[in-house]
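# Sequence below, structure please.
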Amino acid sequence: MISVKTILSYNNKITAQGKAMDYRWLDALHIMAGVIWLGGIFMMAAIVAAWSQSRSAVAKGESNPLLEYVRRWNRFVTSPAMILLWALGIALMLKGDWLLPLWLGIKLAVLVFLSAVHGILSGSLRRLATGETATVSLLARNAAWLTLVAVIVVVALAVVKPFSG
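Alright, predicted model coming up:
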């Protein structure tokens with residue numbers, strides 16, 4: 001059970017000299033970056049899964065407007081959102097004075113996994129767009145479901161903060 005003393009000491013750390021507002025803005029931006037990043041991952045996962053099921057390849061030297069659009073979106077929106085998410089998450093850890101509680105360690109491990117999924121999907125899209133005949137990996141074909149489970153775990157850990165004592 002959390003004691004009143006713990007809550008007060010936590011609030012004193014954050015509210016001192018306007019730091020509460022800074023923390024809230026960092027948190028809001030962190031959540032926005034996460035939503036944008038996850039939206040991009042879901043879009044990439046859907047395109048890769050659909051394309052791998054259709055078995056249609058882009059001929060070498062040709063381009064597919066849909067694949068090119070998703071790749072451009074990934075390059076200019078999804079990837080920067082991931083970088084911003086990580087930077088803001090680290091800033092929140094430092095501002096909140098968290099060492100590394102167990103819930104946060106698990107959350108970070110899941111986010112490293114999601115970052116790897118993002119990289120795998122990016123590579124799959126590149127190969128599909130350039131007409132390489134390499135098959136799409138099982139992980140890339142199931143990335144949407146894996147991402148969905150990862151999101152549930154991350155949100156539960158961030159909100160509930162289990163194992164915090």
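# Which residue, other than its chain neighbours, is closest to residue 98?
Residue nearest to residue 98 in three dimensions, not counting chain neighbours: residue 104, with 6.2 Å by CB to CB, 6 or more residues apart in numbering. C-betas here are computed from N, CA, C, even on glycine.
# Quick check: which element contains that neighbour?
Residue 104 is part of helix 102-129 when elements are defined by DSSP states H and E.
# what residue ranges in this structure are flagged as low confidence?
Within the chain, the ranges that satisfy pLDDT under 70 run 1-19, 55-61, 133-134, 165.
# Please enumerate the helices of it.
4-15, 19-54, 65-73, 79-95, 102-129, 138-141, 143-160 (DSSP state H).
# Need the ones you listed in TSV (columns: mean neighbour count).
What follows is these, written out as TSV (neighbours: other CB atoms under 10 Å):
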stretch	mean neighbour count
helix 4-15	11
helix 19-54	17
helix 65-73	15
helix 79-95	17
helix 102-129	18
helix 138-141	16
helix 143-160	15
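# thinking again about what came up before, tell me the contacts of the residue nearest to residue 98?
Neighbour list for residue 104: 93, 98, 157 [criterion: CB atoms under 8 Å, 6 or more residues apart in numbering].
# ok, of the residues you listed, which one's closest to residue 33?
Nearest to residue 33 out of those is residue 93 (CB to CB; 14.9 Å).
# and that closest one, what is it in contact with?
Contact analysis of residue 93 by CB under 8 Å, 6+ apart lists residue 104.
# Distance of it relative to residue 34?
15 Å (CB to CB, to the nearest Å).
# centre of the chain versus stretch 126-137, how much separation?
Relative to the centre of its chain, stretch 126-137 is centred 23 Å away, using CA atoms, centre = their mean, to the nearest Å.
# ah, wrong one, I meant stretch 125-139
Computed by CA atoms, centre = their mean, the separation of stretch 125-139 from the middle of its chain amounts to 22 Å.
# mind exporting it as CSV, just the C-alpha atoms?
Output of stretch 125-139 as CSV, limited to C-alpha atoms (Å, rounded to 0.1, in the frame of the first residue of the first chain):
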residue,chain,number,x,y,z
LEU,A,125,8.3,-2.5,-46.9
ARG,A,126,11.6,-1.5,-48.6
ARG,A,127,12.0,-5.1,-50.0
LEU,A,128,8.4,-5.1,-51.2
ALA,A,129,8.7,-1.7,-52.8
THR,A,130,12.0,-2.5,-54.6
GLY,A,131,10.6,-5.8,-56.0
GLU,A,132,12.9,-8.1,-54.0
THR,A,133,11.4,-11.5,-53.9
ALA,A,134,12.3,-12.2,-50.3
THR,A,135,9.4,-13.6,-48.4
VAL,A,136,7.9,-11.6,-45.6
SER,A,137,8.8,-13.0,-42.1
LEU,A,138,6.3,-14.5,-39.8
LEU,A,139,6.9,-11.7,-37.4
